[in-house]
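[1] give me coordinates for this.
(chains A and B)
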Amino acid sequence: MSQLTIILWMLNVIVDTSGQLAFKAAASASAEHDGLAHWKHMLKRPWIWLGVICYVFEFVLWLAFLSLVPLSVGVMLGSINIVVIMIAGRFLFKESLSKWRLIGIMLIACGVTVVGFE
Amino acid sequence: MMKRFYILGFLALIIFDTLAQVSFKFASVHAEPLAMDAAWLIRVFGAPWIYGAFVGYIGAFFTWMTLLKYAPVGPAFAASHLELISVTLISVWLFDDSLTWPKIIGGALIIAGILCLARSEDEAEKVVQADPSETLA
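    Residues are numbered from 1 along each chain as shown, chains lettered A, B, ... in the order given. Coordinates of the predicted model:
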């Protein structure tokens, strides 16, 4: 993998994780509201817009990343996002990492490493 | 009846996700050479592929939300990531990707990991959900 490929991959992981976390923050900050009120409350907060901006950037980054790697390698390397989001959720939202989650995270990380050496 | 609904739902999810990724790849190939400028973006949006990716994403989103309403989250989560297999196989066919050992072993490890995560989601849901009114059997 070239340096540019790795940079695009890492940036993609960062914006995807930030986007997911921003959406989670938006949803939980408005959790006391229901239905339409829930959406109105979320749309007035910065979190959901931060999430949208992240997703726009992710869209461009993913497209650029796929110009440099074969699609099969791209989707496999992209799986690391799941791992990073779960670890971030553990620290920011105190989500628990059960036994099966830890095993899953380790297996995915090993798999991505093996594909990365390709 | 419910079983058929799940199978169709999971299939639709995988097809939409696969469509999105394959369209993304076609869009990126069409827009080559890669450059972070307006001309590159114009090449991206000037070809039909990118709109296929939108259709795939929107379709996957609504299928996912519908599935989550009825299906246990564990299998749904796993299904939403199993497009790894379909995308890899289609890449071999459409883009002449090679199935090398690192890809096969790495891909198998990732799938095993996703199945473990799906299992953990299922267990978490069983704790939250006191009323097990639905079963995927």
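
[2] remind me which helix or strand the nearest residue to A:Leu107 once chain neighbours are set aside belongs to.
    Leaving aside its sequence neighbours, A:Leu107 sits nearest to B:Gly113 (C-beta to C-beta, 6 or more residues apart in numbering or on different chains; 3.2 Å). From N, CA and C alone the C-beta is placed, and that goes for glycine too. Using DSSP states H and E, B:Gly113 sits within helix B:101-128.

[3] buried residues in that helix?
    B:102-103, B:106-107, B:109-111, B:113-122, B:124 (16 or more other C-beta atoms under 10 Å in any protein chain shown).

[4] with stretch B:65-81 instead?
    Under 16+ other C-beta under 10 Å, the buried positions of stretch B:65-81 are B:67, B:71-81.

[5] these also near chain A: which ones?
    B:His81 (C-beta under 8 Å from any C-beta of the partner chain).

[6] any chance of the buried residues of stretch B:65-81 in TSV, plus secondary structure and pLDDT?
    Formatted as TSV, these follow (DSSP: H, G, I helix; E, B strand; the rest coil; pLDDT from 0 to 100):
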residue	secondary structure	pLDDT
B:Leu67	helix	84
B:Ala71	coil	77
B:Pro72	coil	77
B:Val73	helix	77
B:Gly74	helix	78
B:Pro75	helix	77
B:Ala76	helix	76
B:Phe77	helix	80
B:Ala78	helix	81
B:Ala79	helix	78
B:Ser80	helix	80
B:His81	helix	87
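
[7] OK, contacts around the residue nearest to A:Leu107?
    Each residue near B:Gly113 by C-beta atoms under 8 Å, 6 or more residues apart in numbering or on different chains is listed here: A:79, A:103-111.

[8] which two among those residues are spaced furthest apart?
    A:Ser79 and A:Ile103 (15.1 Å; C-beta to C-beta).

[9] ok now the helix or strand of chain B with the lowest mean pLDDT, how far from the chain's centre?
    Ranked by mean pLDDT, DSSP states H and E, the weakest helix or strand in chain B is helix B:73-81, scoring a mean of 79. Offset of helix B:73-81 from its chain centre (C-alpha atoms, centre = their mean, to the nearest Å): 10 Å.

[10] CA atoms of the next helix or strand after it as CSV?
    Per DSSP H and E, the first helix or strand lying C-terminal to helix B:73-81 is helix B:83-95. Output of helix B:83-95 as CSV, limited to C-alpha atoms (Å, rounded to 0.1, in the frame of the first residue of the first chain):
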residue,chain,number,x,y,z
GLU,B,83,-21.7,-8.2,1.9
LEU,B,84,-18.0,-8.6,2.3
ILE,B,85,-18.4,-12.1,0.8
SER,B,86,-20.6,-11.0,-2.1
VAL,B,87,-18.5,-7.9,-2.9
THR,B,88,-15.3,-10.0,-2.9
LEU,B,89,-16.8,-12.6,-5.3
ILE,B,90,-18.2,-10.0,-7.6
SER,B,91,-14.9,-8.1,-7.6
VAL,B,92,-13.2,-11.3,-8.9
TRP,B,93,-15.7,-11.4,-11.7
LEU,B,94,-16.1,-7.7,-12.6
PHE,B,95,-12.7,-6.2,-11.7
